[in-house]
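**Student:** Quick one, structure for this:
(chains A and B)
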Amino acid sequence: MTAPKDKPTRKAAAAVGDVSPIGSTHRVASSRRAQRSATYREELRRIAPYEGLARIVIARRQTLGLTQQELAARVGTSHSVISRIESGQSPTSVTTLRRLADAFDTHLVVGFDDRPDEIRDAELVVVS
Amino acid sequence: MPRTQAVYYRAPDGSEPVDEFIDRLDERKQPTLDLQIDRLNDRPVSAPPLPFPHSSQVRGPLRELRCHYGSELYRVLYRRSENLLVLLHMLRKDTGKLPEAEIAIAEQRWADFKQRMDAHPRRPPRAAGQDAP
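**Tutor:** This is a model prediction of the structure:
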């Protein structure tokens, strides 16, 4: 494991007692972890779509002012199904997605993205 | 409208405890937790915090981000300073209630953060430049 680039500078600053209490941004630190580990990158790529869906569901639910239980009742499913979707770690069936769309009073859109990998990968980190 | 940015609390010795906590975890677990923490980013400052069960109030302005990897539960204790969400402490949670000692660590770090910020007011990191996604 290689030391992050800014650590020596930080240590030098610590020696003269002039260290900002504001550390690295979480985004920069996450990219650093992705850069140094292929395992990290593979796993990130695997879960990114689930995380994307989780964020959409959380945001919609919050806008409607619903608890997970209330959303589950609206969808006609169990609390654990909603909880699992919002955890962003496992797949969701298209049937469930369609029922979610109904509960949100909207339409489900499904598609493929033909843009090059580099562009898609850049966006994986900032799914929202 | 300013948007939130999650940053690590940095101790006087230059260490960043939350960053180090994540670095020590298995590399397969890190992306999941990193993405869950990333949910704190880019929210309008005036918007309500992430809804329960993803975040909740611990004590006063101290909040917790409730993360998990499968059945392993983790907590990130944080506080807001203008648009910055300062990640103070991260722990694996096994017991029912958040131990008082863990809350005390976060509160102590916040007191240190506040004191050093007041002593040397600094500009928060820019949203553009090297922090840009």
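**Student:** would B:V58 count as being in a helix?
**Tutor:** No. The assignment for B:V58, made by DSSP: H, G, I helix; E, B strand; the rest coil, is strand rather than a helix.
**Student:** Tell me how many other residues crowd residue 77.
**Tutor:** The chain I'm using is chain A. Number of residues near A:T77 (other CB atoms under 10 Å in any protein chain shown) recorded here: 16. For every residue, glycine as well, the C-beta is placed using N, CA and C.
**Student:** please go with chain B instead
**Tutor:** Counted with other CB under 10 Å, the neighbours of B:L77 add up to 26.
**Student:** What of the one 3 residues further on?
**Tutor:** B:R80 is flanked by 15 other residues according to other CB under 10 Å.
**Student:** do the same with B:R59
**Tutor:** Neighbouring residues of B:R59 were enumerated by other CB under 10 Å; the total is 13.
**Student:** same deal with B:R43?
**Tutor:** Taking other CB under 10 Å as the definition, B:R43 ends up with a neighbour count of 19.
**Student:** Please look at it and B:A6 and confirm they touch.
**Tutor:** No. Using CB atoms under 8 Å, B:R43 makes no contact with B:A6, being 9.9 Å away.
**Student:** that's a strand at B:Y8, yeah?
**Tutor:** Yes. Note on B:Y8: a strand contains this position according to three-state DSSP.
**Student:** Relative to chain A, how far out is it?
**Tutor:** Here the criterion is CB to the nearest CB, to the nearest Å. By it, B:Y8 lies 4 Å from chain A.
**Student:** Surely that residue touches A:S20?
**Tutor:** No. With contact taken as CB under 8 Å, B:Y8 and A:S20 are classed as non-touching, separated by 11.1 Å.
**Student:** So for these two, which sits in the more crowded spot?
**Tutor:** B:Y8 (27 against 18).
**Student:** so what's that one closest to, chain neighbours aside?
**Tutor:** Residue nearest to B:Y8 in three dimensions, not counting chain neighbours: A:G23, with 3.6 Å by CB to CB, 6 or more residues apart in numbering or on different chains.
**Student:** What is the burial count for the one you found?
**Tutor:** Residues contacting A:G23 under the criterion other CB under 10 Å number 26.
**Student:** Against B:L98, how distant is it?
**Tutor:** 23 Å (CB to CB, to the nearest Å).
**Student:** picking up where we left off before, mutual contacts of B:R43 and B:A6, please.
**Tutor:** A shared contact of B:R43 and B:A6, defined by CB atoms under 8 Å, 6 or more residues apart in numbering or on different chains, is any residue touching both; here there are none.
**Student:** Quick one: classify B:V86 as helix, strand or coil.
**Tutor:** Per three-state DSSP, the local secondary structure of B:V86 is strand.
**Student:** thought it was touching B:Y78?
**Tutor:** Yes. Using CB under 8 Å, B:V86 is in contact with B:Y78, at 5.9 Å.
**Student:** more crowded one of those two?
**Tutor:** For the pair B:V86 and B:Y78, the greater number of neighbours falls to B:Y78 (30 against 25), based on other CB under 10 Å.
**Student:** For stretch B:97-106, which residues meet the burial criterion?
**Tutor:** Within stretch B:97-106, the residues that qualify as buried are B:L98, B:E102, B:I103, B:I105, B:A106, counting by 16 or more other CB atoms under 10 Å in any protein chain shown.
**Student:** what's in contact with that stretch?
**Tutor:** Stretch B:97-106 is touched from outside by B:V58, B:R59, B:L62, B:E64, B:R75, B:L77, B:Y78, B:R79, B:L88, B:H89, B:L91, with contacts defined as CB under 8 Å, 6+ apart.
**Student:** Can you give the distance of it from its chain's centre?
**Tutor:** Averaging C-alpha coordinates over stretch B:97-106 and over its chain gives two centres that are 14 Å apart (CA atoms, centre = their mean, to the nearest Å).
**Student:** What of stretch B:67-83?
**Tutor:** When C-alpha coordinates are averaged (CA atoms, centre = their mean), stretch B:67-83 and its chain have centres 6 Å apart.
**Student:** measure it end to end?
**Tutor:** Stretch B:67-83 has an end-to-end distance of 21 Å (criterion: CA to CA, to the nearest Å).
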